[in-house]
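> output the structure for:
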Amino acid sequence: MDFVSPVLDIASRICNCVGDRADLLRRLPQNVISLRAEKDKLNNLYKDVKERVEREENLEKKKRTHVVDGWIGRAEAMEKEVKELLDRCDEENQKKCFGTCCPRNCRSSYKLAKMVREKMDSAAELQSEGSNFQVVAVPLPSPYVIERPLEEKPVVGLDSPFREVWRLLQDKQVGSIGIYGMGGVGKTTLLKKINNKFLQSSIKAFDIVIWVVVSRPTNLERVQETIRSRLQIPDDGWKGRQEDDKAAEICRILKTKKFVLLLDDIWEPLDLLRVGIPPLGDGNQSKIVFTTRSADVCRGMAAQESIKVECLEEKEAFSLFQAKVGEDTLNSHPDIPKLAEMVAKECKGLPLALIVIARAMASAETPEEWERNLQKLRLYPKDVAGTENDLFSVLAFSYDSLPDEATKSCFLYCSLFPEDYRIPSECLIQLWIGEGFLDEYDDIQEARNQGGEIIERLRHACLMEAGTTIFSIERQCLKMHDVIRDMALWLACEKGKKKNKFVVKDGIGLIRAQEVDKWKDAQRIALWNDTSIEELRKPPCFPNMETLIGCMKSTFPSGFFTNMFVIRVLDFSDNEILELPAEIGNLATLQYLNLSNTKIKYLPIELKNLKKLRCLILDGLFSLASLPSQIVSSLSSLLLFSMKPISSQSSMDEIMLLEELEQLEHINDISIVLTSIQSIQRLFESHKLRRSTTFLQVAHCKGVNQLQLSPFIKTLELVKCDELEEVKIIHFEKQVVPSKFPNPECCFNRLLSVHILICKKLLNLNCLIHAPKLQDLLIVDSEVMEKVIEDERSEGSEIESGLSVFSRLMYLTLCNLPKLEYIYGHVLPFPSLRLITVKGCPRLKRLPFDSSTSMSKNLEEIRGGQKWWDRLEWEDQTIMHNLTPYFSSLTP
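Numbering: from 1, shown residues only. The predicted structure follows:
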């Protein structure tokens, strides 16, 4: 019986096996149905996962994880395998025995049933895995640099600043670079071009280039968030963290990288440490480049190099304009290309203006349309499509960023001057004082200083430009870009809502009375260059007018000043006016009156009624016979009086005028011409007059061989003083010798300009050793002068080594000085020198220059005769070679 147990065990196993297989075969139809259901579930889950992956890849720029990518692949393979298996099941079902449910091939059917069961389990397992994905995609590795779209390819007119910035980026000594310029000039385009250049560069010099738009108002959190995103700092733990913690994390990562940070549109200095930017240096060679409209921001950001982006040259500007208008429009009529050139010129090279105006003209296909728009652009630019929203509104951000209302008012005031007009800085500041923009300062010198600061502020904001010329009277000038001027007028007229609030007419001839009637709401009126008002039948009504700058005919219409109730400024300078009506004395609110360079012969005594008058300017009145007594002394509010020069035939009582000026309580700025010893003595006997005189011309003064001057003078002119030999400084009645640290009252600490004309016996100007702020020196026709400043002595005392001789001098002119041998006995750096002119000085064989003179960024030109230049002697030939490029030969 021992063999029976094994046999029974085998038989039992066979029975179980056959039973399991039979059960599997019996369940095959149900399992096929279940597998179809699992397939559908898996397919739906597959679609959900794939859509989620694709969404994060496309929208969030992520990359699917390897796990998810593998699951998607297995799910796709599973779907294919299940489909094939189900097809086989369908085929097998067709092969069953006729009239029965039994398969013809049990073995084959069993294998199929087994596969169905296994696929069911696999499909369920895949479903379970796919349902538990928390993360399907992760951020892509940050690219080295992200391309910035450029509207213009190639970019027009930025080649020069681009090359300079790119050169500086290669310079290991330069870490930070500021790019500045007026709004719309192309700074952002330049920065984009620099950014994209890194994509083209064959050598990857940096680990990462980061682009951040800062804009206004500065939002530190937004700046940090942009950098965080670029550095791919995880969201976990970022949100909710304090600013300092975020900065620390950014700093930690950037310290490990060699980066370029491009900051666009900065309006105020940005504290980079607060952002998390580590200090540049320490050998990491990282770079920061930023754009701004303000040169002050470049200084505030401690930029090692600052590059100004200028407007386009005429050829480049027209090229950009043509590209934007389009060839079809330009070719639509033979006259249009010439008209297009004229329209482009009105934009004065400002890229934003060129683009906006070109878009407006792109659909203009007749010459008449171009002519109409050209007229609009010249007279009413706001009426050209797009200029208000796309041009003026963008430029106005610079205006909005000005620090206070006084600065804004001063800026808008500059729009009263004609296009391309060079505005003398001193005259502009005087007008501002007259308008009351600088009223917070009681002292006029403080007001002038503040006016100078405002001018610098406007220049640094790129809202004004320097407008220097070779003529000394215009050396300190300002100029406003035409498009900026148009924007300023638009703002002054309340964004075009009050068209005639600021009325500016230039070179349009006679203005009809009907036009004048429309100006009743005007606040300021300026008439320039042969523009005048016709004879009016009735007095004009200007109840709101505060300013009138104007071209007038020889006489004023009757009752012209009757209806000016709030007038503050009247400027009739450079006109053909012959007389001033007595009714001007009724202008109780008038604070500024300028009659310079007119043909007025007599001043009405009624001027004495102008009790609020603060500035009276009577320069160049060569036809004026005399100044009536008691006019000046009656102007109780007068701060500024200017009367220079005067006619040599004038019967002006200088002593009387000085005495009347001395009676004025508030006077502290006098510009005057004196022609006698008695007048000069009277001036310097008075403490008030001495301290208040800022401009002094001594002309045709006989019997004076020594002139002692006040230390408070800013401008000195000596004209035809034939016997004058020496000029000295006085302090009260005593001559003073400056100490090593001179008191302002003991030297010419305020002296800016000295002009000496035809003083044939003047030996030298040793007193200028004590004029540390001198900017302009002109000496013409002195027969005996051998040295401008003696190097051995000055005013009887040794020259103090601590004084900076000519360190502020910008303009030096020496003409017809036959005995002049030296300017100064020692070498000087001349760090501020811009222009030197030498003519008729045959003995001047040495210039007091050293190597640093030629290194000055300010030097523009050295003018002289070619023979004189060739004969100059140099201690160091290097100096000659360095200065030769600046030399310009004067024609004999």
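
> run a quick neighbour tally on residue 211.
If you count neighbours by other CB atoms under 10 Å, residue 211 ends up with 18. Any C-beta I mention is one placed from the backbone N, CA and C, and that applies to glycine too.

> I misspoke; the intended subject was residue 442.
10.

> state the pLDDT value of it.
Residue 442 carries a pLDDT value of 73.

> check residue 645 too.
pLDDT at residue 645 comes out at 77.

> ignoring the adjacent residues along the chain, who's closest to it?
residue 673 (5.2 Å; CB to CB, 6 or more residues apart in numbering).

> bridged to the one you found, which residues?
Beta bridges link residue 673 to residue 697 when assigned by DSSP bridges.

> was I right to think it contacts residue 657?
No. If you go by CB atoms under 8 Å, residue 673 and residue 657 don't touch, sitting 10.2 Å apart.

> residue contacts, the residue nearest to residue 645?
Residues near residue 673 by CB atoms under 8 Å, 6 or more residues apart in numbering: 643-646, 696-699.

> max pairwise distance over those: which two?
Within the contacts of residue 673, 643 and 698 form the most distant pair, 14.3 Å apart (CB to CB).

> ok, residue 590 touching residue 565?
No. Residue 590 lies out of contact with residue 565 (CB under 8 Å); the separation is 11.0 Å.

> so between those two, which is more surrounded?
Each of residue 590 and residue 565 has its neighbours counted (other CB under 10 Å); residue 590 has more, 25 against 13.

> quick one: the more buried one from residue 463, how far?
29 Å (CB to CB, to the nearest Å).

> which residues sit in contact with residue 816?
780-782, 839-841.

> in contact with residue 487, which residues?
Neighbours of residue 487 in contact, by CB under 8 Å, 6+ apart: 391-392, 395-396, 399.

> what's the answer for residue 775, then?
Contacts of residue 775 by CB under 8 Å, 6+ apart are 752-753, 808-811, 832.

> what strand or helix carries residue 451?
According to DSSP states H and E, residue 451 maps onto helix 444-460.

> just after that helix, pick out the following helix or strand.
Counting by DSSP H and E, what follows helix 444-460 is strand 465-466.

> what does that following strand contact?
459, 477-481.

> repeat that with 10 Å
Outside strand 465-466, the residues within contact range by CB atoms under 10 Å, 6 or more residues apart in numbering are 182, 310-311, 422, 425, 455, 458-459, 475-481, 484.

> most neighbours among those, which one?
residue 484 (28 neighbours).

> do you know how far that one is from residue 723?
Distance, residue 484 to residue 723, by CB to CB: 52 Å.

> go on, residue 175?
Note on residue 175: its distance to residue 723, by CB to CB, is 62 Å.

> which one's more surrounded, these two?
Set residue 175 next to residue 723 and count neighbours by other CB under 10 Å: residue 175 wins out with 19 against 14.

> that one reaches residue 283, doesn't it?
No. If you go by CB atoms under 10 Å, residue 175 and residue 283 don't touch, sitting 11.2 Å apart.

> do you know the pLDDT at residue 119?
79.

> dead centre of the chain: give me the residue that sits there.
Centroid check for the chain by CA atoms, centre = their mean gives residue 462 as the closest residue, at 2.9 Å.

> what sits against the residue nearest to residue 43 when sequence neighbours are not counted?
Counting by CB to CB, 6+ apart, residue 79 is the residue found nearest to residue 43 once chain neighbours are left out, at 5.9 Å. Residues in contact with residue 79 (CB under 10 Å, 6+ apart) are 39-40, 42-43, 46, 123, 126.

> go again with 7 Å.
Residue 79 is in contact with 39, 42-43, 46, counting by CB atoms under 7 Å, 6 or more residues apart in numbering.

> and it, what helix or strand is that in?
helix 66-94.

> quick one: low-confidence parts of the stretch 601-750 of the chain?
For the stretch 601-750 of the chain, the stretches with pLDDT under 70 are 646-651, 731-746.

> can you rerun that using 80?
645-652, 729-748 (pLDDT under 80).

> where do the helices of it begin and end?
Applying DSSP state H, counting those that start in this stretch to the stretch 601-750 of the chain gives helices spanning 631-634, 654-662, 677-685, 687-692.

> who's in contact with the second one?
Right, the one you point to is helix 654-662. Taking CB under 7 Å, 6+ apart as the rule, helix 654-662 contacts 627, 629, 632-633, 641, 667, 670, 674-676, 678-679, 682-683, 686, 688-689.

> so how far is residue 888 from the nearest residue in space to residue 565 that is not next to it in sequence?
Distances taken as CB to CB, 6+ apart put residue 543 closest to residue 565, at 5.5 Å, once the chain neighbours are dropped. Per CB to CB, residue 543 is found 55 Å from residue 888.

> circling back to that earlier point, least confident pick among the contacts of strand 465-466?
Minimum pLDDT across those falls on residue 475, with 58.

> show me what contacts residue 306?
Residue 306 makes contacts with 178, 180, 295, 298, as judged by CB under 7 Å, 6+ apart.

> if we look at the helix or strand harbouring the first one, which residues are touching it?
Counting by DSSP H and E, the element that carries residue 178 is strand 176-180. Surrounding strand 176-180, the residues in contact under the criterion CB under 7 Å, 6+ apart are 165, 168, 187, 190-191, 280, 288-295, 298, 301-309, 462.

> now, of these, which are buried?
165, 168, 187, 190-191, 280, 288-295, 298, 301, 303-307, 309, 462 (16 or more other CB atoms under 10 Å).

> which of those residues fall in strands?
Using DSSP state E, the subset of the buried ones among the contacts of strand 176-180 located in strands is 288-292, 305-307.

> same list, the residues you listed, but as TSV with distance to residue 616 and pLDDT please.
Formatted as TSV, those follow (distance: CB to CB, whole Å; pLDDT from 0 to 100):
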residue	distance to residue 616	pLDDT
288	53	95
289	52	97
290	48	96
291	46	96
292	42	95
305	47	94
306	42	94
307	45	94
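
> now, which of those sits nearest residue 533?
residue 292 (44.1 Å).

> isn't that closest one up against residue 266?
Yes. Residue 292 is within contact range of residue 266, at 4.5 Å (criterion: CB atoms under 7 Å).
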